[in-house]
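Visitor: Let me see the structure of the following:
(2 chains)
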Amino acid sequence: MSDDPLLDVRDLKTQFHTDDGTVRAVDGISFDVDRGETVCIVGESGSGKSVTSESITRIIPIPPGEIADGEVIFDGQDLTEMSTDQLRKIRGNRIAHVFQNPQGALNPVYTVGKQIIEAIRIHKDVSKQEAREQTIDLLDRVGIPEAGKRIDDYPYEFSGGMKQRVVIAMALSCQPDLLIADEPTTALDVTIQAQILRLLGDLQDEFGMSIIFVTHDLGVVAEIADRVVVMYAGKVMERGDVYRIFENPAHPYTKALLRCRPGQGSQREAIRGSLPSMIDPPDGCRFAPRCPHAVEDCRDGDQPPMMEAEHPGHEVSCIFYQDGFDSTQLDSGPEGLSASEARTDGGESR
Amino acid sequence: MSGMKWYIARRTIWAIIVLWITLSVTWMLLELSPNQGELQAAQQAAMQGQDADKAIEDYKKREGLDKPAHERYLSYMVNMYTLNWGYSTEWDKNVISLFLDRWPFTLQYILPSTMLTMLVGYGLGLYSALNQYDRSDYVATFIAFFGLSIPNFWFAIVLVLITAVWFSDLVLFGVDMSMFQLPVFYKSEVINTSETITIMGIELVRGGWFTFDNVKQLLLPVIVISTAGFAANMRYARAYTLEYANAEFVKTARAKGANSIAVTRHILRVALVPLSTILVFQLLSVFATGTVVIEFIFSIPGLGQVTYLSFVNQDTPVILGITVIGVFVALFGFLLQDIAYVYLDPRIDYGDRTGGAG
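Guide: Numbering: from 1, shown residues only, chains lettered A, B, ... in the order given. The predicted structure follows:
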């Protein structure tokens, strides 16, 4: 294993051309994923996290979508430079996806076995019988009881949680290096959620794969993430180690996100306002129109560059961390968040 | 698949019951309407100076109309279900044997045009959906609306004008178009004659269904019938493909690394469920109205022509037979559709299919 990160996303821009104009869903974001680690992409609905995850293997609909700029270096190769045929050899093989809604993720008219066997046989030169045996092993591994029998059942014969297990089995069918899970637990109830998270954790230990986990649930983040990327309106606001982000959130948006989690009691606070237009985004920091600390300089120019917060590896895009600004001012806002509070929720959902 | 057999058996029993209800209603309507033969008998008697009432009575006796209603109903039903559909004086033939003579003439153009509309319609619909808002999508959409908009009978007449009349003495780019001239009126002799001619040492059979001459004279009817059908198919296929093209499971298939053919198969396989329904309806509408118009214009001696003439001549036994055939075709079509549904979509229950562990 080399020291290079497994995945290095640099200045990625994904746009959608619509009748109303060009939607800059992802507008120049960068992050990396090391081998074997779990990176969570966090943000509210519409912040561009799903588009980011689907831009990596280019499964966004093209057109109207387009990867306008940037690089996606996966294991030394730039995926944005690859032809669709080359990418197909990576999709499902070295980079696998798990989507949010297990109800719709499986084709309703094919048996689950047929769909997993298809996934195996796209990438591996094995006989149908061998693929079938592998499929039964996989279904067994993800915790489907009587896998040998259930393999010939149709998706509608499985519950939501079981379907998600099937989808995970399919994603793991070629032992990928990277699993991209886009809100895989959002559509499930809480007990099933915990089971699926545990399963993903176990599988990661077993296969040694990296995981990109897209979610808006900070409780889940606290539980599984090694590092966190906070997105807002197509930009990265902050990224860093999960403990730093929860203990010392640097960006006002991250601070606000942590304050509006459930389980905060009377201190819980919603972020006022709504996401800016992605067709014609505001100047300066994207969060400035909703930021309680925003000053004149925040509404000028481009999104500030990523700057180091207190610790190395913890970076934030906020002018208060520039020379000449005092970042401690950010704590004087509406009730500062103490370090212990940041962890309580993560502890609860365990 | 014993569940499947039971399902088919149940649907068949239903079909027989529906047929019975239709036949009963038809019988009642016939009871209530004035009898053509009775009036004729009375008129004839009156003209010859005989007693009209006596003539009516004689006629009723002869036709068995003097029996009580329930007896006549019973014998009518027995006749219908035993395929004893009466005698057509107009054609001087047994109704059943009239239909047996004529159905191949209808089938010979309905079958190819159905397959054509399905393949071309679904193919184009799929293609234009997968290239949505592309130039090719617009072209296909334009052709589809063209096909949907022009009336069948008008299109048929225009085609006849071009291929039969103009082509007879038209030279286009130095090519004598008369070699492409198509016959206007269907000649059933083509099927009945059987001569063999030898061209360049190859022996060719010149009479029969599967001959060049027959195909040539069916070309226009098939084109006319197909235009409307394929356009509708194309629009439906496009709509349903679009509905599923952005479905989550299609994204899953692409994320697996499936190529575009495999992805298309995922879409089409699901879209086939609603499309199979439309196909039956379309077939029925072609059968019910299309055949009459087409066979009238091109003088094809098929069931459509029989329908038209039987209505014009008030040929009651034939009209009755046509009604029963229409109902039968519809019931059979829906039966096929139900079976196709169960086969295509595992979520549709046919009674005792076990499953749904939840």
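
Visitor: Look through chain B and report the residue furthest from the middle.
Guide: What lies farthest from the middle of chain B is B:Gly49; by CA atoms, centre = their mean that is 48.8 Å.

Visitor: Tell me if that one really is in a helix.
Guide: No. B:Gly49 is assigned coil when assessed by DSSP: H, G, I helix; E, B strand; the rest coil, not a helix.

Visitor: Against B:Lys61, how distant is it?
Guide: Taking CB to CB, to the nearest Å as the measure, B:Gly49 falls 21 Å from B:Lys61. In this view, the C-beta of every residue, glycine as well, is placed from N, C-alpha and C.

Visitor: ditto for B:Val263
Guide: B:Val263 is 73 Å from B:Lys61, by CB to CB.

Visitor: More neighbours: which of the two?
Guide: Using other CB atoms under 10 Å in any protein chain shown, the more surrounded residue of B:Val263 and B:Lys61 is B:Val263, with 18 against 11.

Visitor: got the residues of chain A near chain B?
Guide: Neighbours of chain B within chain A, by CB under 8 Å from any CB of the partner chain: A:54, A:57, A:59, A:61, A:88-93, A:96-97, A:99, A:101, A:104-111, A:118-119, A:122-123, A:150, A:153-154, A:156-159, A:167, A:170.

Visitor: So what sits opposite the most centrally placed residue in chain A in the bridge?
Guide: The centre of chain A sits closest to A:Val214, judged by CA atoms, centre = their mean, with a distance of 2.2 Å. Beta-bridge pairing for A:Val214 (DSSP bridges): A:Ile41, A:Asp182.

Visitor: OK, contacts around it?
Guide: A:Cys40, A:Ile41, A:Lys49, A:Ser50, A:Thr52, A:Ser53, A:Ile180, A:Ala181, A:Asp182, A:Glu183 (CB atoms under 8 Å, 6 or more residues apart in numbering or on different chains).

Visitor: And for B:Thr82?
Guide: So B:Thr82 contacts nothing (CB under 8 Å, 6+ apart).

Visitor: do A:Asp297 as well
Guide: Counting by CB under 8 Å, 6+ apart, A:Asp297 touches A:Gly284, A:Ile319.

Visitor: Let's see that with 7 Å instead.
Guide: A:Ile319 (CB atoms under 7 Å, 6 or more residues apart in numbering or on different chains).

Visitor: Now name the helix or strand holding the residue in the stretch 101-250 of chain A positioned nearest to chain B.
Guide: Nearest residue of the stretch 101-250 of chain A to chain B (CB to the nearest CB) works out as A:Gly104 at 3.4 Å. In the assignment (DSSP states H and E), A:Gly104 maps to helix A:102-105.

Visitor: Quick one: list the elements packing against that helix.
Guide: Secondary-structure packing of helix A:102-105 (3 or more CB pairs under 7 Å, 6 or more residues apart in numbering or on different chains; DSSP states H and E): helix A:160-172, helix B:248-255.

Visitor: other SSEs contacting the shortest one?
Guide: Contacts of helix B:248-255 with other secondary structure elements, assessed using 3+ CB pairs under 7 Å, 6+ apart, are made with helix A:102-105, helix B:260-285.

Visitor: ok, and the residue located most distally from the centre of chain A, which helix or strand is that part of?
Guide: Distance to the chain centre peaks in chain A at A:Gln129, reaching 35.0 Å (criterion: CA atoms, centre = their mean). Using DSSP H and E, A:Gln129 sits within helix A:128-141.

Visitor: What lies in contact with that helix?
Guide: Counting by CB under 7 Å, 6+ apart, A:113, A:116-117, A:120-121, A:147-148, A:150-151, A:166, A:169, A:172-173 sit against helix A:128-141.

Visitor: which residue ranges form the strands in the stretch 101-250 of chain B?
Guide: Assigned by DSSP state E, counting those that start in this stretch, the stretch 101-250 of chain B shows strands spanning B:171-172, B:175-176, B:196-199, B:202-205.

Visitor: now the first one: mean pLDDT?
Guide: What it means is strand B:171-172. Mean per-residue pLDDT for strand B:171-172: 71.

Visitor: partners of it, with directions?
Guide: Here, using DSSP bridges, strand B:171-172 pairs with strand B:175-176 (antiparallel).

Visitor: Quick one: the helices and strands packed on helix A:102-105 as a markdown table, columns for mean neighbour count, distance to B:Met28 and mean pLDDT too.
Guide: Output for those, formatted as a markdown table (neighbours: other CB atoms under 10 Å in any protein chain shown; distance: least, CB to CB, whole Å; pLDDT from 0 to 100):
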| stretch | mean neighbour count | distance to B:Met28 | mean pLDDT |
| --- | --- | --- | --- |
| helix A:160-172 | 24 | 54 | 89 |
| helix B:248-255 | 24 | 52 | 90 |
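
Visitor: Now stretch A:239-252 - C-alpha only, CSV.
Guide: This file holds the C-alpha atoms of stretch A:239-252, laid out as CSV (Å, rounded to 0.1, in the frame of the first residue of the first chain):
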residue,chain,number,x,y,z
ARG,A,239,-13.1,19.2,6.7
GLY,A,240,-11.1,17.4,9.3
ASP,A,241,-10.9,14.6,11.9
VAL,A,242,-14.3,13.6,13.3
TYR,A,243,-13.2,14.4,16.9
ARG,A,244,-12.0,17.9,16.0
ILE,A,245,-15.1,18.7,14.0
PHE,A,246,-17.4,17.7,16.9
GLU,A,247,-15.2,19.1,19.7
ASN,A,248,-14.1,22.3,18.0
PRO,A,249,-16.2,23.0,15.0
ALA,A,250,-14.5,25.8,13.2
HIS,A,251,-17.0,27.0,10.6
PRO,A,252,-20.1,28.9,11.7
